[in-house]
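# turn this into a structure:
(chains A and B)
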Amino acid sequence: MMCLVNGLKDPFEMINNPIRVAILGSGKIGIDLMFKVQRSESLTCFMVVGRSNQSIGLETAKLNGFTVSDKGIDAILNNLNEVDIVFDATSATAHLHHWDLLKDSSIRVIDMTPSKLGKSIVPAVNLIEAHTCRHVNMISCGGQSSIPIINAVSEVVKSIEYVEVVSSIASKSAGSATRINLDEYINTTENGIITFSKAKKAKVIIVLNPAEPPVNMQTTISFQINNPPLKEILSAVRMRVEEIKKYVPGYELVIEPTQIESNRVVVIVKVVGRGDYLPKYAGNLDIINCAAVAVAERMAENIMN
Amino acid sequence: MSVNNINVTIQDSTLRDGNHAIRHQLGADEICRYCQAAELAGIPVLEVGHGNGLGASSFQVGIAKLTDYEMLKIARHNLKNSRLAVHIMPGFATIEKDLRPAIDLGIDIVRVGTHCTEADISERHIKYASSLSVEVVGSLMMSHMVDKYTLLEEAKKFQYYGASGVSLYDSAGSYLPKEVEEKVSYLVNNLNIQVGFHAHNNLGMAIANSIAAVEAGATIIDACINGFGAGAGNTQLEVLVAVLKKLEIETGIDLYKVLDCAEIASELIVKYPPFIRPTSIVSGLAGVFSGFSKHVDRIAQQYNVDPRDVFFELGRKKIVGGQEDMIIEVASSLRYKKV
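Below is the predicted model of the structure:
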């Protein structure tokens, strides 16, 4: 019996799950996705693909009984008929190339990078659109944590003059790609918020905190709304949080919608990760992976039917 | 007097850090007239903008009265010999939305500020500005939180990205001179770029700390007229000029004219000069970002909790600059404990 992380089920038990996914990219996101897929009732991890057999990611995958390849995108191209869904957890630049090679196949692609190419999906908002979608983009961690709430508030107000999203994350959960791409993170998240809400204007701020022990990902959402109907906002947000918890178990309201000034309402949410592969404080990475698996499961339903 | 004789460059942060003291409400006339007076006094560098820099106007840290564009346009128009600087914090501002327009307006110096352990989030901003021949100084904020070895490691990243200087920010006003001396001299001895220091006055040490920095080899010192800055205020510029004069360290600033400038400023913008209030002392002891002061006052009152408790709790949680939203959470949890 191989050593399994967190008592997850044995990969060989997953053979009955009909929908086969491949994970492209064996970094932290990719390996955490691998464990999340292992827990899924409808998905089987067909292969974990990296570029070096000696990488920590591929070693971990092998140790846990997964099939691995170090051939990058070629490993997928050589198995086009064996794979239904690919998670691309490489980089935005690499993803452009990968999608180019996969777009004429029947494989569905869930893009974890900030390439902004595919259809943006936030499960608690538009999971239904993932049904027939071939190419999905997961926006950003801050987008996945704030957009569902902003969308819920949008449903009970006439308009939102302005919305501001401030996320603080543990320094240790921000790898070099995150650090060099803060501007892209801000732009992508602001665009996502505008797309999925009645907000006329959005501003996104991200703060890295090096405190030890590391801080959980926390997001403060501030709304400028004329005559905010607080009661309706409160119930809409509470209901939406329950929806999010279905696929992100560690999502919680820290401060319920609170009126700060006559036209300002604040909500604070927190994400504690599941600790599958990444530490629990890395809620920012957990939420985007949880959302991606929810998308893959919805695609799986469609493929099976 | 020629620029070559200047031993220490004083950066006047009145129109940036001072904005913290009045909830970022500096107006056009105030910027215009202060720039004229400072230029007349020969102050070499003026930093202008929202207290938290470019693109920072927000609920999180305060909505500014004027846009970045308005503030910088007025300053640029009124500064001929003095150079114009801005502050930018990656994570708050982006190159496209904020830095590029500021550079297009003709700023001379960019201070790229990060928390003292996170210099690598500044790589793109520093490279962008220096590729356009704008002088860049990397700012390590809340630098009291880590030791000199970590500071050097982070400062070297700024140097590698192309910054021509690094400045240690005592954002919480918690340094004592011995620590300033230790950290500044370590950086001076191990870097090829200029080293600076930015003090706050929570424990009444701003002038002493600035002098300790100069004696340890720092060549850029930040100061504000009348001490006008966040929390307990900053190093009082006109006092610093006088002390440096006494030490025969040249700044290029005319003493009488800077004293005139101080008079003008106290009538024009510094209507309530910052002083070391009890909560500022606590803030300095707790090591909390000076810019939090006004927010803590307001929120502690709203939640009916002791602001001193809020400061100590923020310090215990190691909250960094930019995390002003944590004040609400801390105040709310303290109130919960009370009932």
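# how about the residues of the stretch 201-305 of chain A near chain B?
A:203, A:205-212, A:218, A:220, A:222, A:224, A:254-255, A:258, A:260, A:264, A:266, A:268 (C-beta under 8 Å from any C-beta of the partner chain). Heads up, the C-betas are built off the backbone N, CA and C, glycines and all.
# mind listing what residue 254 touches?
Assuming you mean chain A. Contacts for A:Val254 (C-beta atoms under 8 Å, 6 or more residues apart in numbering or on different chains) come out as A:218, A:268-270, B:329.
# oops, I was thinking of chain B
B:41-42.
# for it, grab phi and psi.
B:Asp254 adopts backbone torsions of phi -80, psi 120, taken as degrees, to the nearest 10.
# got any ranges where chain A has weak pLDDT?
Applying pLDDT under 70 to chain A flags residues A:1-16.
# neighbouring strands - and their directions - for the lengthiest strand in it?
As assigned by DSSP state E, the longest strand anywhere in chain A is strand A:251-261. Next to strand A:251-261 in the sheet, as set by DSSP bridges, lie strand A:264-271 (antiparallel).
# who in chain B is up against chain A?
B:58-60, B:90-92, B:94-96, B:115, B:117-118, B:120-121, B:123-124, B:317-320, B:322-323, B:325-326, B:328-329, B:332.
# hmm, 6 Å instead?
Contacts of chain B with chain A, taken as C-beta under 6 Å from any C-beta of the partner chain, map to B:58-60, B:90-92, B:94-95, B:117-118, B:120-121, B:123, B:318, B:320, B:322-323, B:325.
# what segments of chain A are strands?
Counting by DSSP E, the strands of chain A are A:19-24, A:43-49, A:68-69, A:85-88, A:108-111, A:119-120, A:135-137, A:162-170, A:202-209, A:217-224, A:251-261, A:264-271.
# please tabulate those in JSON lines and include distance to A:Ser145 as additional columns.
Shown next, in JSON lines, are those (distance: least, C-beta to C-beta, whole Å):
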{"stretch": "strand A:19-24", "distance to A:Ser145": "23"}
{"stretch": "strand A:43-49", "distance to A:Ser145": "23"}
{"stretch": "strand A:68-69", "distance to A:Ser145": "31"}
{"stretch": "strand A:85-88", "distance to A:Ser145": "19"}
{"stretch": "strand A:108-111", "distance to A:Ser145": "18"}
{"stretch": "strand A:119-120", "distance to A:Ser145": "15"}
{"stretch": "strand A:135-137", "distance to A:Ser145": "16"}
{"stretch": "strand A:162-170", "distance to A:Ser145": "7"}
{"stretch": "strand A:202-209", "distance to A:Ser145": "11"}
{"stretch": "strand A:217-224", "distance to A:Ser145": "5"}
{"stretch": "strand A:251-261", "distance to A:Ser145": "7"}
{"stretch": "strand A:264-271", "distance to A:Ser145": "6"}
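# so of those strands, which one's packed in deepest?
Among the strands of chain A, strand A:85-88 has the highest mean neighbour count (mean count of other C-beta atoms under 10 Å in any protein chain shown), at a mean of 28.
# what about B:Glu154, neighbour count?
22 (other C-beta atoms under 10 Å in any protein chain shown).
# ok but it is inside a helix, no?
Yes. The assignment for B:Glu154 by DSSP: H, G, I helix; E, B strand; the rest coil puts it in a helix.
# residue contacts, it?
By C-beta atoms under 6 Å, 6 or more residues apart in numbering or on different chains, the residues touching B:Glu154 are B:119, B:140.
# now with 7 Å?
By C-beta atoms under 7 Å, 6 or more residues apart in numbering or on different chains, B:Glu154 lies in contact with B:116-117, B:119, B:140.
# which residues of the stretch 101-250 of chain A fall in helices?
For the stretch 101-250 of chain A, helices defined by DSSP state H, counting those that start in this stretch occupy the ranges A:123-126, A:141-154, A:176-180, A:182-195, A:230-247.
# comparing those helices, which comes out most buried?
Greatest burial across these, using mean count of other C-beta under 10 Å, falls to helix A:141-154, with a mean of 26.
# what's the angle from that one to strand A:202-209?
140 degrees (axes from the mean of the first three to the mean of the last three C-alpha atoms, to 10 degrees).
# give me the domain ranges for chain B.
What automatic domain parsing lists as the domains of chain B is B:3-268, B:278-338.
# and the residue of the stretch 101-250 of chain B that's closest to chain A?
B:Thr117 (4.4 Å; C-beta to the nearest C-beta).
# that residue reaches A:Lys172, doesn't it?
No. Using C-beta atoms under 7 Å, B:Thr117 is not in contact with A:Lys172; the gap is 10.6 Å.
# the more surrounded of those two?
B:Thr117 (21 against 18).
# find the nearest non-adjacent residue to the more buried one, please.
A:Pro210 (4.4 Å; C-beta to C-beta, 6 or more residues apart in numbering or on different chains).
# can you pull the contacts of B:Val241?
So B:Val241 contacts B:251, B:253, B:255, B:258 (C-beta under 7 Å, 6+ apart).
# what about the last one, distance to A:Pro257?
The reference is to B:Val258. Per C-beta to C-beta, to the nearest Å, B:Val258 is found 50 Å from A:Pro257.
# is B:Ala102 in a helix, a strand, or coil?
Assignment for B:Ala102 (three-state DSSP): helix.
# count of neighbours near it?
26.
# correct me, but it touches B:His87?
No. Look at B:Ala102 against B:His87 with C-beta under 7 Å: they stay out of range, at 10.3 Å.
# ok so, going back, in a markdown table: the contacts of A:Val254, plus distance to A:Ala94.
Putting the contacts of A:Val254 into a markdown table (distance: C-beta to C-beta, whole Å) gives the following:
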| residue | distance to A:Ala94 |
| --- | --- |
| A:Gln218 | 31 |
| A:Ile268 | 35 |
| A:Val269 | 31 |
| A:Lys270 | 32 |
| B:Glu329 | 38 |
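# over to the residue nearest to B:Val305 when sequence neighbours are not counted: give its phi and psi.
Excluding its sequence neighbours, the residue lying closest to B:Val305 (C-beta to C-beta, 6+ apart) is B:Leu334, at 4.4 Å. Phi and psi for B:Leu334, reported as degrees, to the nearest 10, are phi -70, psi -40.
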